[in-house]
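Undergrad: sequence and predicted structure are below.
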Amino acid sequence: MLRRLALMLVAFLSWPTIAPAASEAPPSRCVAIAQALPSVTLVRFDPAGAGPLLPVQAAAGDAVTISYAGHSTYVIETPGGVRIATDFSGFYGGDPLPRVVTMNKAHRTHFTEAPDPRIEHVLRGWSPDGGSARHALVVDDVYIRNVTTDIRGWGGELERDGNSIFIFEVAGLCIGHLGHLHTGLSDAQYGQIGRLDIVMVPIDGGMTQSIGSISEITTRLYSSMILPMHRHSTPIGAFTAMMGEEFEVEFRPSRSLSVSLRTLPSRPTVVVLDGV
């Protein structure tokens, strides 16, 4: 059975990529793989001493560097040299200047109204003109898209599509940043997100949502690597205990890590970088 599923995925990954028309969004490999095997939990299967069961699309050296800058800002550096800062307020991740920034508007610590004009792409997780923000952008070797979610106002009312989960598809990896996520996710939203190899998760315990709720979302996403953020005073142990024994926990002394398809953890792992 495993071999059959592997061969199905091999065939799928080997399909030719057709360049989209100018008015169309590029195809998402992260969504397509998840939809191709809808009843299967995708995991890596690397028996000791053997090579990977499934072929990887990126070369072993095509690693992505991810650094914790502060608060909800992670800096992603692609093999092609594209620098991206998430939930960018200008306080973290601005030096060196990123080419791409994503923002959410829950608090002023997640966006700026005056981004440096030298930043090439400023992607807001909400639409200033109303409606839903829609991003489908290719910058050199990375494809960036978003899935909108609702957000709570200061009075407790929900604003539709006020937040975005941003997804970065690069070097064969699917990397997601949940933003200032206030609500649970619907089946349709999980479908839009697709497979995430790496997910950045707010664990403040209340300003976004409870540790119990965010751990349920994280468990369902079942990413190989979970990167906590937006921690405030929440003990790391409060989050990791909710994740259960199925998830490893690894503390790293550095604020940065380098990761590729070949070096993803073999078990789902919460990786706590220095400063978190």
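TA: All right, it came through fine.

Undergrad: going forward, measure contacts between C-alpha atoms and count neighbours the same way
TA: OK.

Undergrad: residue boundaries of the strands in this protein?
TA: Assignment of strands within the chain using DSSP state E yields the ranges 64-70, 73-77, 83-85, 100-103, 121-124, 136-139, 142-152, 158-170, 173-177, 198-202, 225-229, 248-251, 256-259, 269-272.

Undergrad: and those as TSV, adding mean pLDDT, distance to Ser213 and mean neighbour count?
TA: What follows is the strands of the chain, written out as TSV (pLDDT from 0 to 100; distance: least, Cα to Cα, whole Å; neighbours: other Cα atoms under 10 Å):
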stretch	mean pLDDT	distance to Ser213	mean neighbour count
strand 64-70	95	23	20
strand 73-77	96	21	25
strand 83-85	97	26	24
strand 100-103	93	23	25
strand 121-124	94	25	20
strand 136-139	93	28	14
strand 142-152	88	15	22
strand 158-170	86	16	22
strand 173-177	96	16	24
strand 198-202	94	11	25
strand 225-229	95	14	24
strand 248-251	96	19	14
strand 256-259	97	27	16
strand 269-272	96	16	21
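
Undergrad: how about those in a markdown table, adding distance to Ile236?
TA: Output for the strands of the chain, formatted as a markdown table (distance: least, Cα to Cα, whole Å):
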| stretch | distance to Ile236 |
| --- | --- |
| strand 64-70 | 15 |
| strand 73-77 | 18 |
| strand 83-85 | 23 |
| strand 100-103 | 25 |
| strand 121-124 | 29 |
| strand 136-139 | 34 |
| strand 142-152 | 25 |
| strand 158-170 | 22 |
| strand 173-177 | 18 |
| strand 198-202 | 11 |
| strand 225-229 | 9 |
| strand 248-251 | 10 |
| strand 256-259 | 18 |
| strand 269-272 | 8 |
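
Undergrad: among the ones you listed, which comes closest to Glu216?
TA: Minimum separation from Glu216 across the strands of the chain (Cα to Cα) falls at strand 198-202, 11.4 Å.

Undergrad: so what touches that closest one?
TA: Applying Cα atoms under 8 Å, 6 or more residues apart in numbering, the contact partners of strand 198-202 are 72, 173-181, 208, 214, 218, 223-231.
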